[in-house]
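Trainee: structure, please.
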Amino acid sequence: MIPQKFIAIDIDGTLYDDHDHFDIQRFNQDYQALFNRRILLIVATGNSYDAVQTIFKDCPVNTFVAENGGRIVINGKDVISHVHSHSTLQKLMTFLSRKNYQPDLFSLSGASNTFIDNQFKDVPVPFYPHHRYFISLDQITEPVYNVNLNWFKRRPELELIHQVIKEINQTFPMQLQATYSGAYGIDILPYGVNKAVGLKELIHHFPNKTLKDVVAFGDTSNDLEMIQESGIGFAMKNATTDLKQVADQITSKDNNHDGLLYEIEKQFLS
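Mentor: Numbers count the residues shown, from 1 in each chain. Next up is the predicted model:
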């Protein structure tokens, strides 16, 4: 099938409700109905490819922009990867150790595993299907796409989290790009990597297609570029203010009331 259009969707806060659930049967029906209309649904997420394989194991979707644009998978095959350099990771680890931001979880997203700082060994991580613990960066021998800090227990004011983002970006200009990923977390990516970049690289694999052929749905800051640069950008009703300000439209229902699937059905399947 050569798609005529594309729909790009975020997961957390967009497809997922606040309890990390979604209506799988309804999603699968909508996916097939879109496919029959030559509309390809793409998952564009900050999650690792390992995580999305688990999330969608009972679903037909197989094309992903994972790691906030760092890993592109089409029909189950890796086509593009953007990874951190080891030297930059070393500098980042030194910086984070010195700053001591005291996250509730600190992890690195690798090619086959999520690597979690050993001090968080007692923290349950059901959202990381395959994970290992590390003490030293030298123990990680595979490519690293993303570095994540999360304060999901402490739940500080978002202003404090955005201050951490600002400090990281100011300390590593043209090297790293920190962004708020929702749920009190920060993703730290190689500089220039975001969902819009990943989508653009993915869409280029389909002849004569561009981001203008994409309708995108998201809920928070790591969706900004995708919402701005796609043909039509939808912010969820529950989205952060910064995303609503740049979106073309806002969904009429939030993520706890199947707002994404309702809007897709209304726009494309009614």
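Trainee: and Leu243, which helix or strand is it part of?
Mentor: With secondary structure defined by DSSP states H and E, Leu243 is part of helix 241-246.
Trainee: brain fart, Gln90
Mentor: Using DSSP H and E, Gln90 maps to helix 86-99.
Trainee: quick one, helices of the stretch 51-200 of the chain?
Mentor: 86-99, 158-171, 195-203 (DSSP state H, counting those that start in this stretch).
Trainee: so which of those helices is the most packed in?
Mentor: Ranked by mean neighbour count, the helices of the stretch 51-200 of the chain are led by helix 195-203 with a mean of 23 (mean count of other C-beta atoms under 10 Å). For the C-beta atoms, the positions are set from N, CA and C on the backbone; glycine is no exception.
Trainee: following it in sequence, what is the next regular element?
Mentor: Counting by DSSP H and E, the next helix or strand C-terminal to helix 195-203 is strand 214-218.
Trainee: so which of the helices of the stretch 51-200 of the chain comes closest to Gln245?
Mentor: Across the helices of the stretch 51-200 of the chain, Gln245 has its closest neighbour in helix 158-171 (15.2 Å, C-beta to C-beta).
Trainee: mind giving me the packing neighbours of that closest one?
Mentor: The contact analysis (3 or more C-beta pairs under 8 Å, 6 or more residues apart in numbering; DSSP states H and E) places helix 158-171 against helix 86-99, strand 176-182, strand 185-190.
Trainee: turn these into a markdown table, including distance to Asp117 and mean pLDDT.
Mentor: Shown next, in a markdown table, are those (distance: least, C-beta to C-beta, whole Å; pLDDT from 0 to 100):
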| stretch | distance to Asp117 | mean pLDDT |
| --- | --- | --- |
| helix 86-99 | 10 | 94 |
| strand 176-182 | 17 | 88 |
| strand 185-190 | 14 | 94 |
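Trainee: what's the closest of the ones you listed to Asp248?
Mentor: strand 176-182 (20.4 Å).
Trainee: ok now the closest one, how far from the chain's centre?
Mentor: 10 Å (C-alpha atoms, centre = their mean, to the nearest Å).
Trainee: likewise stretch 21-41?
Mentor: 20 Å.
Trainee: what mean pLDDT does it have?
Mentor: The predicted model assigns stretch 21-41 a mean pLDDT of 97.
Trainee: if we can go back for a sec, for Asn68, find the nearest of the helices and strands packed on helix 158-171.
Mentor: Of all the helices and strands packed on helix 158-171, strand 185-190 comes closest under C-beta to C-beta, at 5.5 Å.
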